[in-house]
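S.K.: Quick one: sequence plus predicted model below, questions after.
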2 protein chains.
Amino acid sequence: MFQLSFMQEAIELSRKNIAEGKGGPFAAIIVKGGAIIARGTNIVTSTNDPTAHAEVVAIREACRTLNTFQLEGCDLYTTCEPCPMCLGAIYWARPDTVYFGSTRSDAAHIGFDDRFIYEELERAFSERKIPMAQKMRDEALIVFREWETKQDKIRY
Amino acid sequence: MFQLSFMQEAIELSRKNIAEGKGGPFAAIIVKGGAIIARGTNIVTSTNDPTAHAEVVAIREACRTLNTFQLEGCDLYTTCEPCPMCLGAIYWARPDTVYFGSTRSDAAHIGFDDRFIYEELERAFSERKIPMAQKMRDEALIVFREWETKQDKIRY
């Protein structure tokens, strides 16, 4: 169930983040059982980590707190529609619900690549701005076969 | 220019990763000026970090090494087609080229959600397996306006 106060806190966090010069105008909060268990803000430029978006930072923090790599029973509040990286991270972490404020187009209007990256995902490898080429699939697949037959593996 | 030995080393790393029980059968290497500057493997289950895919781990390591959040001049070798999270991370880090071994379908065949997540990205928010709802856009946009007028911001 959406709770106004959590989104308000996330928005306030995003405001504080730019005031303090830590990174872009984005913040995220993860809630479980009515309580905040993790907070994250965009700290890309201040930590030299292009993956340190608000959602990724919050997901990593929540998983550390809960000592798990799965966020079932959790809701994620984020001030902006997650970019493809963060949306991917969300699917891997599997929270129950995501609430977001502004959109990928709003982010594009202030100079962030979110919408561009969504568009790139739909392009063929050869037509992408960052060229991507497939190589040595057969050799790579041998390790997948080894994974399949491994007895003591942890699935996720 | 693709170099066979780098992909061979990445594949060997992915093999070692499952043998040592650190995570899934995936590894990535980042090369600059003909030398390896970062290595990453999937350590999701051993570190309780759902974002710790090989590419993300390698990108974070390369950025730490180079002291930057941009990987121009770098090539990324990964043993499998990047999932949406990793592809997003690649676009934010902006290496020159990506070489990958197996595909999202190959990963799906051994039980990983890569292809499923690509499909989810194209669905409307209300039709996604993880429900996503937009809330309080107007309030979130106020902070975007503050970002726009901020004088000393670092863009990326």
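M.R.: That came through, no problem.

S.K.: Can you pull up the most central residue in chain A?
M.R.: residue A:86 (2.1 Å; Cα atoms, centre = their mean).

S.K.: Nearest residue to that one in space, please, no chain neighbours.
M.R.: residue A:55 (3.8 Å; Cβ to Cβ, 6 or more residues apart in numbering or on different chains). Yep, even glycine has a C-beta here, placed from its N, CA and C like the rest.

S.K.: How many neighbouring residues does that neighbour have?
M.R.: Using other Cβ atoms under 10 Å in any protein chain shown, the number of residues around residue A:55 comes to 32.

S.K.: Repeat that for residue A:115.
M.R.: Using other Cβ under 10 Å, residue A:115 has 17 neighbouring residues.

S.K.: wait, isn't it in contact with residue A:102?
M.R.: No: Residue A:115 lies out of contact with residue A:102 (Cβ atoms under 8 Å); the separation is 11.8 Å.

S.K.: Show me the longest helix that occurs in chain A.
M.R.: What stands out as the longest helix in chain A, according to DSSP state H, is helix A:4-19.

S.K.: For chain A, which segments count as helices?
M.R.: Using DSSP H, the helices of chain A run over A:4-19, A:44-47, A:54-66, A:84-93, A:104-109, A:114-121, A:137-149.

S.K.: Quick check: which of these has the most neighbours on average?
M.R.: Most buried of the helices of chain A by mean neighbour count (mean count of other Cβ atoms under 10 Å in any protein chain shown) is helix A:84-93; its value is a mean of 28.

S.K.: now that helix against helix A:54-66, angle please.
M.R.: With axes from the mean of the first three to the mean of the last three Cα atoms, to 10 degrees applied, the angle from helix A:84-93 to helix A:54-66 works out at 30 degrees.

S.K.: Now tell me what touches helix A:84-93 from outside.
M.R.: Applying Cβ atoms under 8 Å, 6 or more residues apart in numbering or on different chains, the contact partners of helix A:84-93 are A:51, A:53-56, A:59, A:62-63, A:69-71, A:76, A:78, A:82, A:98, A:114, A:117-118, A:121, A:156, B:44, B:50-51, B:53, B:83-89, B:91-92, B:113, B:116-117, B:120-121, B:130.

S.K.: relative to helix A:114-121, how tilted is it?
M.R.: Calculated by the same axes, to 10 degrees, helix A:84-93 forms an angle of 70 degrees with helix A:114-121.

S.K.: can you give me the mean pLDDT across helix A:84-93?
M.R.: Averaging pLDDT along helix A:84-93 gives 97.
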